[in-house]
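J.: No letters, just coordinates:
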């Protein structure tokens, strides 16, 4: 498992149409998790999207963005990287007219064979739980 991590500082009054960007070079096969850490004080004013080219990975709705205040926003996904390295770009802007904000972005990626076995084991546990009647507990 590989975790890529970077910070991006967004100055006050950075508009959505001129965002600050940070790029990640992903060398694994599958992206399984994207996390954005918003420190206290962001007050939902610092926003970002994570994309591969024109494809928005997080959030998935094209008209949405990720925002927070003193929290880590997590997106679980299964997205196969089309090339090596795959360049993932974070676009960030800041509606705050007074303060800059620094976001920490983490991307977790795995080789395809590890993700495959993880999915197989999860499916087995799910089916076995149904077989013995533990569906409400798992």
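T.: Arrived safely. Quick caveat, the model's predicted, so the values are computed rather than measured.
J.: what's near enough to touch the spatially most central residue of the chain?
T.: Geometric centre of the chain, nearest residue: residue 34, 2.1 Å, by Cα atoms, centre = their mean. With contact taken as Cβ atoms under 8 Å, 6 or more residues apart in numbering, residue 34 is in contact with 50, 57, 58, 74, 75, 77, 105, 106, 107, 108. Every C-beta, even on glycine, is put in place using the N, C-alpha and C of the backbone.
J.: what mean pLDDT would you report for stretch 40-56?
T.: Mean pLDDT, stretch 40-56: 97.
J.: buried sites along that stretch?
T.: Residues of stretch 40-56 classed as buried by neighbour count (16 or more other Cβ atoms under 10 Å): 42, 45, 46, 47, 48, 49, 50, 51, 52, 56.
J.: Wait, the third one touches residue 90, no?
T.: No. With contact taken as Cβ atoms under 8 Å, residue 46 and residue 90 are classed as non-touching, separated by 11.7 Å.
J.: Doesn't the residue nearest to the centre of the chain belong to a helix?
T.: No. Assignment of residue 34 by DSSP: H, G, I helix; E, B strand; the rest coil gives strand, placing it outside any helix.
J.: any idea how far residue 3 is from it?
T.: Residue 34 sits 11 Å away from residue 3, going by Cβ to Cβ, to the nearest Å.
J.: Spell out which residues are contacts of both of these two.
T.: 106, 107, 108.
J.: wait, what's in contact with the first one?
T.: Meaning residue 106. The contact partners of residue 106, taken as Cβ under 8 Å, 6+ apart, are 3, 4, 5, 33, 34, 35, 36, 37.
J.: and what of residue 49?
T.: Residue 49 makes contact with 56, 58, 59, 64, 65, 66, 90, 91 under the criterion Cβ under 8 Å, 6+ apart.
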